[in-house]
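Trainee: I would like to see how this sequence folds:
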Amino acid sequence: MVKGQIYDKERFSLNLAKLKKGGENFEVSIDSDKAIEFRQGKDIPIEEVIKSENIFSDAKKGLLASENMMQELFNTTDPKEIAKIIIKQGEIQLTSEYRQKLRDEKKKRIIDYIHVNGADPKTGTPHPITRIENAFEEVKIHIDEFKSEDSQIQEIIKKLRQVLPIKFEINEIEVKIPAVHAGKMYSVVKNFAKIIKDEWLNDGSWRCIVELPGGLKNDFFDKLNNLTHGEIEINILKTK
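Mentor: Next comes the predicted model:
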């Protein structure tokens, strides 16, 4: 490949990773989702991250980078190795529509997390999703599409508390299910809560201790009571 060679630019995504090195531009066409995950350290084969094994000086014009410059600046002309460097060290450029899609998806996951794990301190029940969404708008929460939810959520909660009282708690709960229902209830409990300890008793009943976010507590109780027709023992051991 020589610099200046033209390729059909319509073949390539507008989502690119770019790196300026030694005064030269190097670009590679990427699968946006996988490129972001790759950059964050997820073990993904580079072949699944890039859409073409070509390194460009200008991908939109279809101009390929110089092999001589790649060798001089990267000590290799292997496009896969160079693509790894560009994605990890360079700038991931996304279309405005795709960036908005990422922000919307992260916003939904963060709101769901707050709804499930948080609660209104006055009532002990989860805030409705609509109320959380309105609070986001009121305090003008900005979602960074490149940062993980975990790295943003504490600052977001801090801002939300200006207009929305929230407490986060984990309940440790003891559950005892009679033998007639015990067999079918294990998977139900496991899907709702983290099982810390469990045992089968001599009468065939199943006893367990679970950890559960405060926002799921009422749904958990309702589900177990409905499936066992109220034939169940539930005790809240402690709240953290």
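
Trainee: Quick one, grab the pLDDT at Arg11.
Mentor: In this prediction, Arg11 carries a pLDDT score of 43.

Trainee: Then Leu63?
Mentor: Looking at Leu63, the pLDDT reads 94.

Trainee: Not counting residues beside it along the chain, what's closest to it?
Mentor: Counting by C-beta to C-beta, 6 or more residues apart in numbering, Ser57 is the residue found nearest to Leu63 once chain neighbours are left out, at 4.8 Å. Backbone N, C-alpha and C define where each C-beta goes, glycine included.

Trainee: So the one you found belongs to a strand, correct?
Mentor: Yes: Ser57: assigned to a strand according to DSSP: H, G, I helix; E, B strand; the rest coil.

Trainee: That one: neighbour count?
Mentor: Ser57 has 17 neighbouring residues, counting by other C-beta atoms under 10 Å.

Trainee: So it is in contact with Ser66, correct?
Mentor: Yes: using C-beta atoms under 8 Å, Ser57 is in contact with Ser66, at 7.3 Å.

Trainee: Tell me who's in contact with Glu211.
Mentor: 170-173, 193-194, 196 (C-beta atoms under 8 Å, 6 or more residues apart in numbering).

Trainee: Flag every buried residue along the host helix or strand of it.
Mentor: Here Glu211 is covered by strand 206-213, with elements defined by DSSP states H and E. Within strand 206-213, the residues scored as buried using 16 or more other C-beta atoms under 10 Å are 206, 208-210, 212-213.

Trainee: Specify which member of these is nearest to Arg161.
Mentor: Pro213 (17.7 Å; C-beta to C-beta).

Trainee: measure that closest one to Tyr186 for me?
Mentor: Distance, Pro213 to Tyr186, by C-beta to C-beta, to the nearest Å: 20 Å.

Trainee: And Pro79, by the same measure?
Mentor: Per C-beta to C-beta, Pro79 is found 51 Å from Tyr186.

Trainee: More neighbours: which of these two?
Mentor: Between Pro79 and Tyr186, Pro79 has the larger neighbour count (other C-beta under 10 Å), namely 21 against 14.

Trainee: Please name the nearest non-neighbouring residue to Tyr98.
Mentor: Spatial nearest neighbour of Tyr98, excluding adjacent residues (C-beta to C-beta, 6+ apart): Ser32 at 5.7 Å.

Trainee: Hmm, Lys101 and the one you found touching each other?
Mentor: No: assessed by C-beta under 8 Å, Ser32 is found out of contact with Lys101, at 9.1 Å.

Trainee: Between these two, point out the one with more neighbours.
Mentor: Under the criterion of other C-beta under 10 Å, the comparison of Ser32 against Lys101 puts Ser32 first, with 22 against 15.

Trainee: contacting residues for the more buried one?
Mentor: For Ser32, the contact set (C-beta under 8 Å, 6+ apart) comprises 13, 15, 92, 94, 98.

Trainee: Go through those residues and say which is closest to Lys21.
Mentor: Of all the contacts of Ser32, Lys21 sits closest to Ile92, with 15.8 Å by C-beta to C-beta.

Trainee: Next, count neighbours for the closest one.
Mentor: Using other C-beta under 10 Å, Ile92 has 19 neighbouring residues.

Trainee: which one is it nearest to, not counting chain neighbours?
Mentor: According to C-beta to C-beta, 6+ apart, the nearest residue to Ile92 is Ala17 (5.1 Å).
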